[in-house]
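Trainee: Need coordinates for the following:
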Amino acid sequence: MGGAAAARRGWLAGLGPVALAALAAADGRGDDGPAIDPLRPLAPRRPHFTPRATRVIFLFMVGGPSQVDTFDHKPALQALDGQPLPGSLRAAIAGSRFANVLHGCTDRLLASPYRWQRHGQSGTWVSELFPAVARHVDRLCFIHSLQADSNNHAPASYQAHTGDIRAGKASLGAWATYGLGSESAELPGYVVLFDAGPLGGAANYSHGFLPAAFQPTRLRDAGAPLPDLAPPEEFAAGQRDTLDLIRRLGIRHARQRPGLTELDARLASYELAYRMQSSALELGDVEAETPATLRAYGLDHADERTRAFGRKCLLARRLVERGVRFVQLYDMPDKDGWDAHAQLADNHTPRARWTDQPIAALVSDLAARGLLDETLVVWASEFGRTPLVQGNGGRNHNAAGFTVWLAGGGVRPGQRIGATDELGYMAIERPTPFADLHATILAALGLSNDALSYRTAGRDERLTGVAGSATVIPGVLG
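Mentor: Alright, predicted model coming up:
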């Protein structure tokens, strides 16, 4: 290991005057965004102001869990089971920009099939779907009034990740690493973990128009995190010489083509891969955890899908513990997600079982290790579901009002912000767009959503859109 480290130091020392000049500017911030060293694009950078969090774990529940069956308790919905939607509420929704959330439903309210109970000193209602998460309600901040601009999966999911219903924009994780770099020199700054992946594909977590260095790295939760990370034994001895040659040719090529960020990213990725050869293998050795930790995350659970999601949550903790800036974690083990258009209980009950214990273990583990105060955990989806029935006991998409929660990272715990109407259909108290949630996440990281920009195609792009159009959600951050 000592020889390898010395070789790496020697490689950096031999970068040459062009790279060293860039290196000297790495800690500055330009007028149009952070100054990026092309050969060390993930070098840590100063935030705009004092951060509350230094890293993020974003838990995305693909497909739209029903807010009225999970965290948004509606006694009136139980009382009016089987009855039509009240005319006053129908008129209010029909007269809003969310009129399409009434489409595709039978005019009959569907009560939640789950029991509800108050938990914690905050007295927060949680359904029986999430008994383990319920034990942490006093650590969580619920926002019950999120709204999306689309009632279709892919566009709403794009907006949840990138701030825009159109594909091609930069994701939250890419923006975070563009703004701040990473605390780890041995691992990627932005990691995604999934099986089947989110609806709408890679456009959800892409770097979009940002330099290619800020694209995510997908890691596997079982076995080696990356395939083919170590070279064949017969080539290992000459690996450093090979990379040195690639570096020299790459720098020569880059001098003739300034601004070619793909080449910069390729050179940086070669060196990162070299450094990862030992650190990534150690990262994937989850069996090194204590038996109690493995049990807590459900790695001994009878259900393989619980074990699989537990491994992802445990890997997320191991990643942020080692300085990774942003971990995007999806619960999608198949093509359906939480998209319960029929037989809601048949869909939601197993998915809650797969995710509840691992998520609760993640929050507990972060807190026990002193990591929760600096790690922002976000639980969200692209939209919620209707209180009206669809098909055979299902619920349709509902972008008019749904719930997300946050924990750690400067979040004021035990809060419930915003509200939907008495049946859980539409946000009526402090309606909150995704842009405000994004502004809040960036603020937790010490980044101004208006100041964080990137000029492309003649305009300044931002995660939250036009400057001044998004605000940090009041009451979320302490």
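Trainee: So Thr440: helix, strand or coil?
Mentor: What DSSP: H, G, I helix; E, B strand; the rest coil gives for Thr440 is helix.
Trainee: That one contacts Pro474, doesn't it?
Mentor: No - look at Thr440 against Pro474 with CB atoms under 8 Å: they stay out of range, at 9.4 Å. Yep, even glycine has a C-beta here, placed from its N, CA and C like the rest.
Trainee: neighbour count winner among those two?
Mentor: Taking other CB atoms under 10 Å, Thr440 and Pro474 do not tie; Thr440 has more neighbours (26 against 10).
Trainee: dump the residue contacts of that one.
Mentor: Contact partners of Thr440, counting by CB atoms under 8 Å, 6 or more residues apart in numbering, are 406, 472-473, 476-477.
Trainee: ranking these by neighbours, who comes first?
Mentor: Neighbour-wise, the contacts of Thr440 (other CB under 10 Å) top out at Leu406, 30 neighbours.
Trainee: Moving along the chain from the strand or helix carrying it, name the first helix or strand you hit.
Mentor: Taking DSSP states H and E as the definition, Leu406 sits inside strand 402-407. Using DSSP H and E, the helix or strand that follows strand 402-407 towards the C-terminus is strand 415-417.
Trainee: Only the buried residues of that following strand, if you could.
Mentor: Residues 415-417 are the ones in strand 415-417 that count as buried (16 or more other CB atoms under 10 Å).
Trainee: May I have the strands that pair with that strand, each with its orientation?
Mentor: The strands beside strand 415-417 in its sheet (DSSP bridges) come out as strand 140-147 (parallel).
Trainee: what's the partner strand in contact with?
Mentor: So strand 140-147 is contacted by 67, 71-72, 98, 124, 133, 380, 384, 399-407, 411-420, 427-434, 437, 473, 475-476 (CB under 8 Å, 6+ apart).
Trainee: one step back: so of the contacts of Thr440, which two are at opposite extremes in space?
Mentor: The span of the contacts of Thr440, defined through CB to CB, is set by Leu406 and Val472 at 12.2 Å.
Trainee: Which residues are in contact with the residue lying closest to Leu388 once chain neighbours are set aside?
Mentor: Nearest non-adjacent residue to Leu388, counting by CB to CB, 6 or more residues apart in numbering: Cys105, 3.9 Å away. Applying CB under 8 Å, 6+ apart to Cys105 gives the contacts 386, 388-390, 396.
Trainee: does Leu77 belong to a helix or a strand, and which?
Mentor: helix 75-79.
Trainee: what pLDDT, on average, does that helix get?
Mentor: On average, the pLDDT along helix 75-79 is 98.
Trainee: That helix: which residues count as buried?
Mentor: Buried residues in helix 75-79, defined by neighbour count with 16+ other CB under 10 Å: Leu77.
Trainee: is it true that Arg455 lies in a strand?
Mentor: Yes - counting by three-state DSSP, Arg455 falls inside a strand.
Trainee: who does it bridge with?
Mentor: Bridge pairing for Arg455 - DSSP bridges - gives Asp460.
Trainee: per-residue confidence at it?
Mentor: Listed pLDDT for Arg455 reads 95.
Trainee: go on, the one 10 residues further on?
Mentor: Each residue has a pLDDT score; the one for Gly465 is 96.
Trainee: contacting residues for it?
Mentor: Residues near Gly465 by CB under 8 Å, 6+ apart: 163-164, 435.
Trainee: which other residues reach stretch 160-170?
Mentor: So stretch 160-170 is contacted by 60, 148-150, 154-156, 158-159, 171-172, 178, 198, 200, 203-210, 214, 328, 380-382, 434-435, 438, 454, 461-465 (CB under 8 Å, 6+ apart).
Trainee: Now, these that are in helices?
Mentor: Under the assignment DSSP state H, the contacts of stretch 160-170 contribute 154-156, 158-159, 172, 178, 434-435, 438 to helices.
Trainee: Just the residues contacting the helix or strand that the helix holding Leu77 is followed by, thanks.
Mentor: Scanning forward in sequence from helix 75-79 by DSSP H and E, the next helix or strand is helix 87-94. The contact list for helix 87-94, computed with CB under 8 Å, 6+ apart, reads 99, 101-102, 400, 421, 423, 425-426.
Trainee: residue boundaries of the helices in the stretch 101-250 of the chain?
Mentor: Taking DSSP state H, counting those that start in this stretch, the helices of the stretch 101-250 of the chain run over residues 131-134, 153-162, 172-180, 233-236, 239-255.
Trainee: Arg351 is in contact with Asp331, isn't it?
Mentor: Yes - using CB under 8 Å, Arg351 is in contact with Asp331, at 7.0 Å.
Trainee: any shared contact partners between these two?
Mentor: With CB under 8 Å, 6+ apart as the test, Arg351 and Asp331 both reach 61, 337.
Trainee: Surely Ala148 and Thr432 touch.
Mentor: No - with contact defined as CB under 8 Å, Ala148 does not count as touching Thr432 (10.5 Å).
Trainee: Neighbour count: the two, which is higher?
Mentor: The neighbour count for Ala148 versus Thr432, taken as other CB under 10 Å, is higher for Ala148 (27 against 22).
Trainee: Now do the phi/psi pair for that one.
Mentor: Here is the backbone geometry of Ala148 (degrees, to the nearest 10): phi -110, psi 160.
Trainee: quick one, what contacts it?
Mentor: By CB under 8 Å, 6+ apart, the contact list for Ala148 reads 156, 159-160, 382-383, 399, 402, 433-434.
Trainee: Turn the buried ones among those residues into a named ChimeraX selection, would you?
Mentor: Command for ChimeraX that selects the buried part of the contacts of Ala148, burial taken from 16+ other CB under 10 Å:
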select :156,159,160,382,383,399,402,433,434
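Trainee: show me the contacts for Leu376.
Mentor: When contacts are counted by CB under 8 Å, 6+ apart, Leu376 touches 52-53, 55-57, 406-411, 441, 444-445.
Trainee: Pipe those into CSV and attach distance to Pro86 and pLDDT per row.
Mentor: Converted to CSV, the contacts of Leu376 look like this (distance: CB to CB, whole Å; pLDDT from 0 to 100):
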residue, distance to Pro86, pLDDT
Arg52, 42, 98
Ala53, 42, 98
Arg55, 45, 98
Val56, 40, 98
Ile57, 40, 98
Leu406, 32, 98
Ala407, 35, 98
Gly408, 39, 98
Gly409, 40, 97
Gly410, 40, 96
Val411, 35, 98
Ile441, 36, 98
Ala444, 39, 98
Leu445, 42, 98
